[in-house]
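Chemist: Sequence below, structure please.
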Amino acid sequence: MNRLRPIVEELVLDRPLEEIFSLFTDDPYPFWLDSSLPGGKMGRWSFIGSDPFLVLKTFGRDIRIEEKGVTLQTTANPFTVLRTQLNRFPLERGDLNIPFLGGAVGFFSYDLGRMAERIPDRTTNDLNVPDISLGFYHTILAVEHLENRAYIIASGLPAEGEKAAAKAVADLALFKEKLTQPAPKLSDPWSEPAIDTADIRTHFSYADYCRAVETIKDYIVAGDIYQANMTQRLDAPLRMPPYQLYRRLRQANPAPFAAYLDCGDNLRVLSSSPERFLRLENNVVESRPIKGTRPRGKTPEEDKANREELLVSEKDRAELVMIIDLQRNDLGRVCSYSTVRVPELIVLEEYATVFHLVSTIRGELAPGKDAIDLLKASFPGGSITGTPKIRAMEIIEELEPVRRGIYTGSIGYIGFDGHADLNIVIRTLINKGENVHLQVGGGIVFDSEASLEYEETLHKAKALLKSLGVSQFPEVNL
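Modeler: Okay, here's the model as predicted:
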């Protein structure tokens, strides 16, 4: 099959990306993969697009494909279907050094893991979100933050041959014209009404969360696991437009792997994730798991003390090392023998409300393997499950009262050229209908103290609650 070569035009942006994306928010399936913490190697690129030519959604083995105004429903393995659809639209990268040239953008739910591994089904599926929700995009805006450059990329898909070349020219012109339109006036997002603490519903009481932590520790003593990630979900009414809420979130917690997705069916995802799950570029795989958290201090002295405390914490370092081993094993399933390396063992990274310990793991994808093989072998990420992964997921299913859905899944892209970049869905708000949902948690090991683990969830929820206008965590003020 002949591969298309996209056309690229560089342009100068004359207004902030918040204003530019507002031009797209009323389109079908708009997305913004947003490095709202630009600078350095982690926050270099942002991508914007809308109006996909194909939409793929899966619920277990139930598949829905929307293309050319027709909806096809079938039953199949979702990983197989995703590979088949991506392979229909091959794209030639050539010497272009822009990481994403067009492809599938959206999310993979944590519960997609049920299609890769056999996990019990005990939790309540109250939100009923897709396991996969992806739009296939032929024209995108790419913004490079280090040198402040912007590009429109158009492939002409789903047309083929000369028709695709002509369509790419027309699509690029339309996209360029859209960028010249006056943007809707954006008000101060912080002028929107706040949510009262009393409006928030938790699915775990403080006592129940602590009991769950102790149960995990019992499993550790019994030899079932070494650690497990325990989370809780909070629900609240949505009292402002979703894009206004996202603007608040990206200001409260700028992050290198942030995103705004409108997934149709009254579902939107507002993420400010600091964690990369998987990147695949030029056959090189990278994963950057996070373990270990401390709050930012109120003074420079507190900041310094918290930073140093995290760096010397044997417990947090041990947690991260266990996840590094798990992730190395996952990557080893699809990478060439002896290529998996850890170039950064444990480094400290700073964010608006917390410090984290992070590692970098790299490998070379084995011949005959692709981004779908990589996703299936690694999903869901070990940093948000535990070790061993399958037994930890079984225990999570036993103890958490509701399905995680999008939370601790992945957001990002898989390009038509085979490149991919996916985050871990943490520090994220899920807007379903009239409500908003957020989830927070942490890794539990043998020497975890339940009250401190609960307190860590407060630190992680701080920016999310601030964006909602809530200054105090519900029920317990530790």
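Chemist: show me where the stretch 301-450 of the chain has strands.
Modeler: Taking DSSP state E, counting those that start in this stretch to define them, one finds strands in the stretch 301-450 of the chain at 341-350, 354-364, 386-387, 410-415, 420-423, 428-432, 435-444.
Chemist: Which one of those lies nearest to K462?
Modeler: K462 sits nearest to strand 354-364 of all the strands of the stretch 301-450 of the chain, at 7.8 Å, using C-beta to C-beta. Any C-beta I mention is one placed from the backbone N, CA and C, and that applies to glycine too.
Chemist: and the direction of that closest one versus that of strand 341-350, what angle?
Modeler: Comparing the axes of strand 354-364 and strand 341-350 via axes from the mean of the first three to the mean of the last three C-alpha atoms, to 10 degrees yields an angle of 160 degrees.
Chemist: Relative to the whole chain's centre, how far out is strand 354-364?
Modeler: Centroid separation for strand 354-364 versus its chain: 15 Å, with C-alpha atoms, centre = their mean, to the nearest Å.
Chemist: Only the C-alpha atoms, please, for that strand, written as CSV.
Modeler: Extracted C-alpha coordinates of strand 354-364, given in CSV (Å, rounded to 0.1, in the frame of the first residue of the first chain):
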residue,chain,number,x,y,z
VAL,A,354,3.8,18.4,44.7
PHE,A,355,7.3,16.9,44.2
HIS,A,356,7.6,13.5,42.5
LEU,A,357,10.3,10.8,42.1
VAL,A,358,10.5,9.7,38.5
SER,A,359,12.5,7.2,36.5
THR,A,360,13.1,6.8,32.7
ILE,A,361,13.1,3.4,31.0
ARG,A,362,14.0,2.9,27.3
GLY,A,363,14.2,0.0,24.9
GLU,A,364,14.2,-0.7,21.2
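Chemist: Quick check: end-to-end length of stretch 261-281?
Modeler: Taking C-alpha to C-alpha, to the nearest Å, the first and last residues of stretch 261-281 lie 23 Å apart.
Chemist: which parts of it are buried?
Modeler: Neighbour counts using 16 or more other C-beta atoms under 10 Å place 261-263, 267-281 of stretch 261-281 among the buried residues.
Chemist: Helices of the stretch 201-350 of the chain, residue ranges please.
Modeler: Counting by DSSP state H, counting those that start in this stretch, one finds helices in the stretch 201-350 of the chain at the ranges 206-221, 242-252, 300-312, 314-332.
Chemist: Pick the most buried one from those.
Modeler: Among the helices of the stretch 201-350 of the chain, ranked by average contacts under mean count of other C-beta atoms under 10 Å, first place goes to helix 242-252 (a mean of 22).
Chemist: would you turn the strands of the stretch 301-450 of the chain into JSON lines with mean neighbour count, mean pLDDT and distance to L96?
Modeler: Converted to JSON lines, the strands of the stretch 301-450 of the chain look like this (neighbours: other C-beta atoms under 10 Å; pLDDT from 0 to 100; distance: least, C-beta to C-beta, whole Å):
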{"stretch": "strand 341-350", "mean neighbour count": "14", "mean pLDDT": "91", "distance to L96": "26"}
{"stretch": "strand 354-364", "mean neighbour count": "21", "mean pLDDT": "93", "distance to L96": "21"}
{"stretch": "strand 386-387", "mean neighbour count": "26", "mean pLDDT": "93", "distance to L96": "39"}
{"stretch": "strand 410-415", "mean neighbour count": "26", "mean pLDDT": "98", "distance to L96": "11"}
{"stretch": "strand 420-423", "mean neighbour count": "26", "mean pLDDT": "97", "distance to L96": "15"}
{"stretch": "strand 428-432", "mean neighbour count": "23", "mean pLDDT": "97", "distance to L96": "31"}
{"stretch": "strand 435-444", "mean neighbour count": "24", "mean pLDDT": "93", "distance to L96": "37"}
